[in-house]
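> Take a look and give me a structure for this.
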Amino acid sequence: MTEIVGIRFKSGGKVYFFNPEGKQIEEGTSVIVETARGLEFGQCVQSNTMVEDNEVTAPLRSVVRFSTEEDKKMLEANRKKEGWAMEVCQQKIADHKLDMKLVNAQYNFDGSKLLFFFTSDGRVDFRELVKDLASVFRTRIELRQIGVRDEAKMLGGLGICGQPFCCNRFLDDFQPVSIKMAKTQNLSLNPTKISGTCGRLMCCLKYEQEAYEDLVKRAPKQDSFVETTDGVGTVSMVNLLREQAKVRLDIAPETPRCYGFQEIQVIRSGKGKRPEGYETQEALQAEHIRKTMQQARAQAREERKPVAPATPKAPFRREKSRLSDHGREWENKEPKEAKPQKEPVERAREPKGNQKELRESKEGKGFKPSKESKEPRTRQGQKPHSDKPKREEGGSSKPQEKRRYHHRGHGKNNQKQSQLPKEDKGTE
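Predicted coordinates for the structure are as follows:
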């Protein structure tokens with residue numbers, strides 16, 4: 001067993017173990033410890049504790065002494081010089097035209113070393129820059145390239161949740177985060193929603209990953225074939241936090257229902273075909289009822305006595321109704337015998353010729369006008385028709401009055417015509 005104390009050098013930084021060297025150090029006490037960069041000013045966050053030897057990385061550095069008021073004043077003076085060092089270093093970077101972004105500058109406790117932190121997309125040749133800085137500050141200069149997550153941890157800020165950065169507030173070390181965690185937690189895969197200010201995946205995805213993994217083990221997969229209290233169906237959606245799943249039942253696929261994980265029995269996990277030979281409880285009950293009814297019908301058929309068949313009656317033929325003085329009488333008559341059809345008589349064909357002359361010869365009209373005669377052809381005993389009226393001798397020609405014909409359908413007109421007095425046909 002080894003006795004240790006936990007020391008932190010800055011807010012939100014990593015906790016390092018040191019050997020107390022027999023000193024009893026309480027939490028919140030400021031101490032001076034020995035590190036690889038020299039003497040450093042730190043604060044105790046874990047009092048004396050006994051741990052296993054395999055949990056400590058050897059060799060274990062020791063605590064030098066408790067801090068004094070002079071040590072605190074020296075620490076404040078170093079913080080002021082760090083601000084001036086940042087301005088000088090930025091000016092030198094611009095003079096050398098280097099592609100690098102300066103993040104922070106730190107003095108060690110005794111001021112023997114000045115450390116600059118920067119970010120860059122690639123490697124940077126800063127040898128000339130180090131010479132210029134050493135000539136200005138007259139101390140040991142060290143430049144260290146860091147990543148974007150370390151930059152966010154040093155500078156601090158507010159996340160999309162509205163809280164200060166977790167890495168700057170309480171995270172000691174960065175945990176690996178992957179896109180698989182976002183898929184497991186059913187989060188949107190939009191990079192702007194699952195990425196932090198640093199541009200990497202948010203560290204908080206790691207916090208609830210173990211709880212989600214435990215829920216996934218007990219939850220049915222999407223499109224699984226399951227059996228519920230209301231029947232069988234397919235899983236359409238899973239809510240891990242509420243431990244519920246929406247199931248589309250075969251009897252009502254349009255209205256999915258919610259069931260708890262305990263109310264669902266998985267028959268087939270994930271997509272695929274329905275298991276061969278699988279029968280639901282409803283189908284088994286229906287088959288049992290069908291067989292029972294068949295047996296009951298067969299037993300009733302055996303117990304039933306045979307009945308003599310009824311004698312067939314003569315077919316009834318309804319004749320047409322016959323009207324009489326007493327009303328309609330219906331008679332049953334025997335079917336009448338069909339009359340024999342007459343054979344069609346073939347007529348002798350007339351010889352071909354002038355059909356018009358043959359027709360006139362049959363009617364007994366022998367009149368045939370000559371080509372020289374210009375009078376119109378008329379029937380026997382009929383005067384030739386002329387459109388113009390003939391003028392009588394010694395009299396004036398008047399057009400004959402046309403006869404008016406009235407239809408019998410118009411009763412009112414016929415009555416009016418009959419009431420009029422008849423005109424005397426006298427000569428004027």
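> can we go C-alpha only for contacts and neighbour counts from here?
OK.
> what pairs with the strand ranked longest in the chain, and is each one parallel or antiparallel?
Looking across the chain with DSSP state E, the single longest strand is strand 38-51. Take DSSP bridges as the rule and strand 38-51 pairs in its sheet with strand 2-8 (antiparallel), strand 30-35 (antiparallel).
> can you pull the alpha-carbon coordinates of the first one into CSV?
Coordinates of each C-alpha in strand 2-8 appear next as CSV, following Å, rounded to 0.1, in the frame of the first residue of the first chain:
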residue,chain,number,x,y,z
THR,A,2,1.2,3.5,-0.8
GLU,A,3,0.1,6.8,0.7
ILE,A,4,-0.7,9.6,-1.8
VAL,A,5,-2.4,13.0,-2.1
GLY,A,6,-4.2,14.4,-5.1
ILE,A,7,-2.9,17.8,-6.5
ARG,A,8,-4.5,19.9,-9.3
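> Would you mind pulling the contact partners of that strand?
14-20, 25, 42-53 (CA atoms under 8 Å, 6 or more residues apart in numbering).
> Which members of those residues are classed as buried?
Among these, those classed as buried by 16 or more other CA atoms under 10 Å are 15-20, 25, 42-48.
> Which of the residues you listed sits closest to Asp250?
Closest approach between these and Asp250, by CA to CA: Val15, at 58.8 Å.
> Against Asp223, how distant is the nearest residue to that closest one once chain neighbours are set aside?
Of all residues not flanking Val15 in the chain, Arg8 sits nearest, at 4.9 Å (CA to CA, 6 or more residues apart in numbering). Counting by CA to CA, to the nearest Å, the gap from Arg8 to Asp223 is 51 Å.
> do the same with Gln106
Taken as CA to CA, the span from Gln106 to Asp223 is 57 Å.
> would you say Ser135 is within a strand?
No - read with DSSP: H, G, I helix; E, B strand; the rest coil, Ser135 is helix and lies in no strand.
> Need the per-residue pLDDT for it.
At Ser135, the model reports a pLDDT of 89.
> Number of residues surrounding it?
For Ser135, the number of neighbouring residues by other CA atoms under 10 Å comes to 11.
> What of Asp95?
10.
> Need the pLDDT of the closest residue to Met1 other than its chain neighbours.
Leaving aside its chain neighbours, Met1 sits nearest to Glu52 (4.9 Å; criterion: CA to CA, 6+ apart). Glu52 carries a pLDDT value of 81.
> Give me the domain ranges for this structure.
The record's domain split for the chain, according to automatic domain parsing, is 2-67, 74-146, 152-213, 219-268.
> The third one: end-to-end distance?
End-to-end distance for domain 152-213, by CA to CA: 29 Å.
> Quickly note the distance from Leu102 to Phe117.
Leu102 is 6 Å from Phe117, by CA to CA.
> Kindly report the same for Gly272.
56 Å.
> Which secondary structure state does Gln295 sit in?
Here Gln295 is helix, with the state taken from three-state DSSP.
> how deep is it tucked in, by neighbour count?
By other CA under 10 Å, 11 other residues sit near Gln295.
> Could you do Arg79 as well?
The burial count for Arg79: 13, using other CA under 10 Å.
> ok, now how distant is it from Leu240?
Counting by CA to CA, the gap from Arg79 to Leu240 is 49 Å.
> Can you report phi and psi for Leu158?
When read as degrees, to the nearest 10, the backbone of Leu158 gives phi -110, psi 140.
> ok, now which ones touch Gly83?
Contacts of Gly83 by CA under 8 Å, 6+ apart are Ala105.
> now do 10 Å
Contacts of Gly83 were listed using CA atoms under 10 Å, 6 or more residues apart in numbering, and they are Asn104, Ala105, Gln106.
> And what about the second one, helix, strand or coil?
In other words, Ala105. Classification of Ala105 by three-state DSSP places it in strand.
> Flag the shaky bits of the stretch 201-350 of the chain, pLDDT-wise.
Residues of the stretch 201-350 of the chain meeting the criterion pLDDT under 70: 275-287, 305-350.
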